[in-house]
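Trainee: Turn this into a model:
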Amino acid sequence: MTNRNAGTLPMKNERATSARIAGFGLILMVILAIFSKFFVLDSFIIAGDAAATAKNIMDNELLFRFGIVSFILVIILDVIVSWALYIFFKPVNKNLSLLTAWFRLVFLTIWVSVFYQLLNIPQLLSGAEYLKAFETDQLHAQVMMAIDAFSVGWKVSLIFFGMHILLLGYMVIKSGSMSKIIGVLLIIASAGYFLDSFAQFLLPNYMDYETMFLAIVAITGIIGETSFLVWLLIKGVKVDK
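Mentor: Residues are numbered from 1 along each chain as shown. As a prediction, this is how the structure comes out:
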């Protein structure tokens with residue numbers, strides 16, 4: 001009896017620790033991502049006006065650089081969260097937990113591959129000597145193209161993130177120890193990601209409906225992912241009990 005308890009306790013403690021790491025990691029990621037995306041990047045962009053967008057970035061260069069650093073921290077946290085969720089769900093289904101983690105890492109790889117577009121922007125607006133070969137309007141246009149490329153790449157990456165959330169929801173339902181409602185909410189959230197990403201590539205007039213699609217992603221994502229996050233921090237850390 002003693003040996004059996006000694007063998008199972010480390011696993012339970014490991015799951016509780018991974019739940020805590022994933023929960024707090026997700027909270028930090030949400031805060032940093034909201035700051036970088038909405039309070040920095042989106043606030044600087046003036047749709048259809050490259051000159052005004054470039055001016056906003058130059059006038060607030062330090063804030064823009066803080067936004068980039070915040071995105072880098074999100075990338076680091078995302079890797080940690082992927083590992084923690086794999087550890088937590090491994091007893092439910094090891095292979096499926098691994099596949100779920102891989103989908104999140106593929107999402108992250110695609111996202112990082114377009115993130116460098118933002119890293120180029122401060123250099124394009126730096127006024128370096130070699131940039132004098134370009135007209136000011138050309139540099140501003142390149143800034144806008146970098147932002148657009150980043151946004152499109154993000155949409156592509158969210159398809160794989162949607163798959164991650166879908167599988168996460170399925171494992172929640174199959175776990176037997178978590179509320180099936182949370183699993184259903186996660187699956188609905190994944191549908192929101194799929195709908196928005198595919199709509200951008202399939203609908204020529206996507207911009208006319210962008211606000212609606214983003215609202216769907218925001219509402220389903222906030223409800224599903226927040227409920228999962230809260231469960232991790234309240235119930236997940238007590239899994240050894």
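Trainee: in this structure, which helix or strand is least confident?
Mentor: The helix or strand of the chain with the lowest confidence, counting by mean pLDDT, DSSP states H and E, is helix 2-34 at a mean of 77.
Trainee: In this protein, where is pLDDT below threshold?
Mentor: 1-12, 237, 239-241 (pLDDT under 70).
Trainee: Can you tell me which helices and strands the longest helix seen in it packs against?
Mentor: Looking across the chain with DSSP state H, the single longest helix is helix 136-175. Judged by 3 or more CB pairs under 8 Å, 6 or more residues apart in numbering; DSSP states H and E, the packing partners of helix 136-175 are helix 50-59, helix 61-89, helix 94-124, helix 180-202, helix 206-234. All C-beta spots, glycine's among them, are computed from the backbone N, C-alpha and C.
Trainee: tilt between it and helix 61-89?
Mentor: Angle of helix 136-175 versus helix 61-89, following axes from the mean of the first three to the mean of the last three CA atoms, to 10 degrees, is 20 degrees.
Trainee: residues in contact with stretch 94-101?
Mentor: 82-83, 85-86, 89-90, 164, 167-168, 170-171 (CB atoms under 8 Å, 6 or more residues apart in numbering).
Trainee: hmm, try it at 10 Å
Mentor: Applying CB atoms under 10 Å, 6 or more residues apart in numbering, the contact partners of stretch 94-101 are 79, 81-91, 93, 163-171, 174.
Trainee: What would that stretch look like as CSV? C-alpha coordinates only.
Mentor: The C-alpha coordinates for stretch 94-101 follow below in CSV (Å, rounded to 0.1, in the frame of the first residue of the first chain):
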residue,chain,number,x,y,z
LYS,A,94,-1.2,10.6,-23.8
ASN,A,95,-1.2,10.6,-27.6
LEU,A,96,-4.1,13.0,-27.9
SER,A,97,-2.5,15.3,-25.3
LEU,A,98,0.7,15.3,-27.4
LEU,A,99,-1.2,16.0,-30.6
THR,A,100,-3.0,18.9,-28.9
ALA,A,101,0.3,20.3,-27.8
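Trainee: For it, list every residue counted as buried.
Mentor: For stretch 94-101, burial by neighbour count (16 or more other CB atoms under 10 Å) applies to 96-97, 100-101.
Trainee: What of stretch 86-96?
Mentor: Buried-residue list, stretch 86-96, by 16+ other CB under 10 Å: 86-90, 92-93, 96.
Trainee: okay, those in CSV with distance to Ala133 next?
Mentor: As requested, those are exported to CSV (distance: CB to CB, whole Å):
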residue, distance to Ala133
Tyr86, 49
Ile87, 52
Phe88, 53
Phe89, 53
Lys90, 55
Val92, 58
Asn93, 57
Leu96, 53
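Trainee: Nearest to Leu124, out of those residues: which one, please.
Mentor: Nearest to Leu124 out of those is Tyr86 (CB to CB; 38.6 Å).
Trainee: Skipping adjacent residues, who's closest to the closest one in space?
Mentor: Spatially, and ignoring its direct neighbours in sequence, Tyr86 is nearest to Ala101 (4.1 Å; CB to CB, 6 or more residues apart in numbering).
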